[in-house]
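Student: Based on what follows, work out the 3D shape:
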Amino acid sequence: MRRPVLSLRPLNSLMLPLLAAGLTLWGGSAGAVAAVDKGLGPSSCQPASLVDDAFRDAALRALQRLVVRAPGQSADGAIKVHHSPGHMDPQGGVWHYVSAYQVNLSLIGALRVAPQLGPDVAQWLRWQARHTTPTGPSESLVFDHWVRASDLQESSCPPGKSPRSCPQVDAFDSTAASLLLVAQAYVQATADSTLLRDPLLRRALEEAAATMARLTQTNGLPWAKPDHAAAYLMDAVEVAAGWRAWAYLQREVYGIPQAAKNSLAAAQRTEAAIHKLLWHAPSQTWRVSLDAPQPDFAQWYPDSVAQAWPLLWLDRNDANEANVANVGSVESHVERRAFGRAQSAWRQAASRWQGGAGWPQRNVDPEGFWWPAIAVAAHCVGDERAAAAWVARARSAWLRADQPFAWPFQVGDLQWLFRLADPVPTAAGRAAATAGPTAN
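Tutor: Predicted coordinates for the structure are as follows:
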């Protein structure tokens with residue numbers, strides 16, 4: 001993942017009243033059902049309890065308000081990046097931005113804490129299946145889309161956008177991986193595998209995996225795009241996680257164990273390439289990309305931020321299926337050492353951004369982005385104080401009564417916010433918690 005495109009900044013908030021007539025969004029509060037935590041998403045460190053229930057529930061409601069409800073229209077099920085519009089066409093029409101990558105990752109976190117969002121996620125998966133664009137033989141991708149506020153019409157290149165800049169997507173490799181990751185999260189949270197057997201959706205998943213395969217070079221690292229021959233650390237760790245997700249789906253949903261083993265081998269190959277080719281041994285840090293020198297921690301993005309990604313995404317427990325049954329194996333010890341190395345690299349990067357004006361106290365990104373993943377990274381190295389300080393600051397800003405979840409908040413931020421929250425309790429559990437002691 002790389003920094004969002006700056007041209008997507010929302011339009012003036014004075015235009016928001018113009019949107020009310022054209023949108024039908026559900027803003028109900030999160031229901032009280034059990035959240036089954038079966039290791040959704042990265043498992044390099046356990047989720048935390050730093051986000052209080054009120055903040056978590058407000059974030060869930062904010063996510064639900066981003067869902068486009070348009071029965072009978074192609075935009076039905078789309079999920080916007082932000083509630084503010086991001087583009088105005090020459091006729092004065094305002095458009096909302098839809099990024100498959102950002103939404104997919106946000107839903108991984110949302111499903112962990114609130115699996116009752118399953119129907120919305122199912123609609124989103126159907127939306128993606130309808131909006132794939134062929135990118136090669138048996139390959140496809142969901143490019144960025146825009147939804148017009150007035151009538152919920154959608155386009156991958158709305159009026160006023162240069163045809164040379166669209167259709168557009170930040171990266172092929174991580175966008176493809178994100179679809180596989182959210183599909184796995186959906187199945188694990190809802191136990192509904194029927195949806196993924198739908199031929200259109202299954203084809204979209206297969207073509208996403210084929211996209212990752214074509215982008216992966218002989219050295220094991222993926223290129224960001226077919227015409228952008230750069231292998232980025234942040235993309236590569238997400239692609240490795242995507243291969244693991246696809247292996248899970250092939251085994252548990254589609255019943256093709258040999259294909260699952262092949263996908264797991266692809267994940268391990270990419271992970272091995274990350275450690276071999278992107279680790280800068282002299283400085284004991286990660287290169288931002290294959291051709292990059294030692295990272296410069298005076299630069300927040302990408303040099304410093306990238307150090308968190310292996311910590312967040314590379315799985316220290318599930319490096320191969322044998323390790324699950326044999327936690328004392330040589331491989332599992334290697335993985336624990338690799339995780340310790342990832343922790344050390346992040347501590348180096350974070351040390352440059354601590355203190356009274358450090359990342360917990362302010363948005364140090366020059367463009368103002370929040371980067372909640374960094375709070376999760378702090379939690380993963382045991383710096384609960386810094387993570388809690390970031391959460392408190394985000395809570396104060398995002399829960400403002402006059403402008404909740406204001407830009408530069410984006411839907412992708414929710415993946416990491418929910419990693420720091422407890423699941424919504426079951427109705428029975430909530431009743432038990434408030435009933436008090438019972439007589440014997």
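Student: most centrally placed residue in this protein?
Tutor: In the chain, the C-alpha nearest the mean C-alpha coordinate belongs to residue 105, at 2.1 Å (CA atoms, centre = their mean).
Student: Report the separation between that one and residue 386.
Tutor: Applying CB to CB, to the nearest Å, the value for residue 105 to residue 386 is 22 Å. To be clear about C-beta, it is placed using only N, CA and C from the backbone, and glycine gets the same treatment.
Student: Check residue 154 too.
Tutor: 40 Å.
Student: Same question for residue 200.
Tutor: Using CB to CB, residue 200 is found at 44 Å from residue 386.
Student: Which one's more surrounded, those two?
Tutor: residue 386 (22 against 11; other CB atoms under 10 Å).
Student: dump the residue contacts of that one.
Tutor: 350, 354, 358, 359, 360, 375, 378 (CB atoms under 8 Å, 6 or more residues apart in numbering).
Student: Count the residues that sit near residue 393.
Tutor: With other CB under 10 Å as criterion, residue 393 counts 17.
Student: Check the gap between it and residue 376 for me.
Tutor: 15 Å.
Student: repeat for residue 383
Tutor: Applying CB to CB, the value for residue 383 to residue 376 is 11 Å.
Student: So, low pLDDT: which residues of this structure?
Tutor: Within the chain, the stretches with pLDDT under 70 are 1-44, 315-335, 427-440.
Student: which residues in the stretch 201-350 of the chain form strands?
Tutor: 279-280, 285-286 (DSSP state E, counting those that start in this stretch).
Student: Residues touching the first one, excluding its own?
Tutor: Residues from elsewhere that reach strand 279-280 (CB under 8 Å, 6+ apart): 286, 287, 293, 294, 295, 341.
Student: Tell me how many other residues crowd the first one.
Tutor: Other residues lying near residue 286 total 30 when counted by other CB under 10 Å.
Student: Quick check on residue 423: phi, psi?
Tutor: Backbone torsions for residue 423, taken as degrees, to the nearest 10, come to phi -60, psi 150.
Student: That one - how many residues pack around it?
Tutor: By other CB under 10 Å, the residues close to residue 423 number 19.
Student: just residue 419 next, same as before
Tutor: Using other CB under 10 Å, the number of residues around residue 419 comes to 27.
Student: mind listing what it touches?
Tutor: Neighbours of residue 419 in contact, by CB under 8 Å, 6+ apart: 41, 47, 48, 109, 112, 376, 379.
Student: do residue 53 as well
Tutor: Per CB under 8 Å, 6+ apart, neighbours of residue 53: 421, 422, 424.
Student: Select from those every entry located in strands.
Tutor: Using DSSP state E, the subset of the contacts of residue 53 located in strands is empty.
Student: Dump those residues to TSV, plus distance to residue 145.
Tutor: Shown next, in TSV, are the contacts of residue 53 (distance: CB to CB, whole Å):
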residue	distance to residue 145
421	29
422	33
424	30
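Student: ok, so of these, who is nearest residue 307?
Tutor: Each of the contacts of residue 53 was scored against residue 307 by CB to CB, and residue 421 proved nearest at 24.0 Å.
Student: State the distance from the nearest residue to residue 309 once chain neighbours are set aside to residue 308.
Tutor: Excluding its sequence neighbours, the residue lying closest to residue 309 (CB to CB, 6 or more residues apart in numbering) is residue 234, at 4.5 Å. Look at residue 234 and residue 308: by CB to CB, they are 9 Å apart.
Student: Next: residue 257.
Tutor: With distances taken as CB to CB, residue 257 is found 34 Å from residue 308.
Student: Strand partners (parallel or antiparallel) of the helix or strand where residue 95 lies?
Tutor: Per DSSP states H and E, residue 95 falls inside strand 94-98. Strand pairing for strand 94-98, determined by DSSP bridges: strand 87-88 (antiparallel), strand 145-148 (antiparallel).
Student: Show me the contact partners of the last one.
Tutor: If I follow you right, that is strand 145-148. Strand 145-148 is touched from outside by 22, 68, 75, 78, 80, 86-87, 93-98, 131, 153-156, 158, 161, with contacts defined as CB under 8 Å, 6+ apart.
Student: Now, of these, which are buried?
Tutor: Those of the contacts of strand 145-148 that meet the buried threshold are 68, 75, 78, 80, 86-87, 93-98, 131, 153-154, 156, 158, 161, by 16 or more other CB atoms under 10 Å.
Student: thinking residue 76 is in contact with residue 124, fair?
Tutor: No. Residue 76 is not in contact with residue 124 according to CB atoms under 8 Å; the separation is 10.1 Å.
Student: Have a look at the two and say which one is more surrounded.
Tutor: More crowded of residue 76 and residue 124, by other CB under 10 Å: residue 124, with 23 against 18.
Student: In contact with that one, which residues?
Tutor: Listed by CB under 8 Å, 6+ apart, the contact partners of residue 124 are 67, 77, 78, 79, 103, 107, 182.
Student: With residue 262 instead?
Tutor: Counted by CB under 8 Å, 6+ apart, residue 262 has zero contacts.
Student: if I read this right, residue 90 contacts residue 158, doesn't it?
Tutor: No. Counting by CB under 8 Å, residue 158 is not a contact partner of residue 90; they are 10.1 Å apart.
Student: What is the neighbour count of residue 137?
Tutor: By other CB under 10 Å, the residues close to residue 137 number 8.
Student: Quick check: chain neighbours aside, which residue is closest to it?
Tutor: Distance criterion CB to CB, 6+ apart; nearest residue to residue 137, sequence neighbours excluded, is residue 210 at 8.0 Å.
Student: how many other residues sit next to the one you found?
Tutor: Residue 210 - counted by other CB under 10 Å - has 17 other residues nearby.
Student: isn't it right up against residue 141?
Tutor: No. Residue 210 is beyond contact range of residue 141, at 10.3 Å (criterion: CB under 8 Å).
Student: Common neighbours of those two, please.
Tutor: By CB under 8 Å, 6+ apart, residue 210 and residue 141 have no common neighbours.
Student: neighbour count winner among residue 383 and residue 376?
Tutor: residue 376 (27 against 18).
Student: Just the element for the more buried one, please.
Tutor: Here residue 376 is assigned to helix 373-380, by DSSP H and E.
Student: Run through who's touching that helix.
Tutor: Helix 373-380 has contacts (CB under 8 Å, 6+ apart) with 44-45, 48, 50, 305, 308-309, 311-312, 343, 346, 350, 359-360, 384, 386-387, 390-391, 394, 415-416, 419-420.
Student: got the buried residues for stretch 108-126?
Tutor: Those would be 108-118, 120-126, for stretch 108-126 by 16+ other CB under 10 Å.
Student: cool, stretch 198-212 as well?
Tutor: 201, 202, 204, 205, 206, 207, 208, 209, 210, 211, 212.
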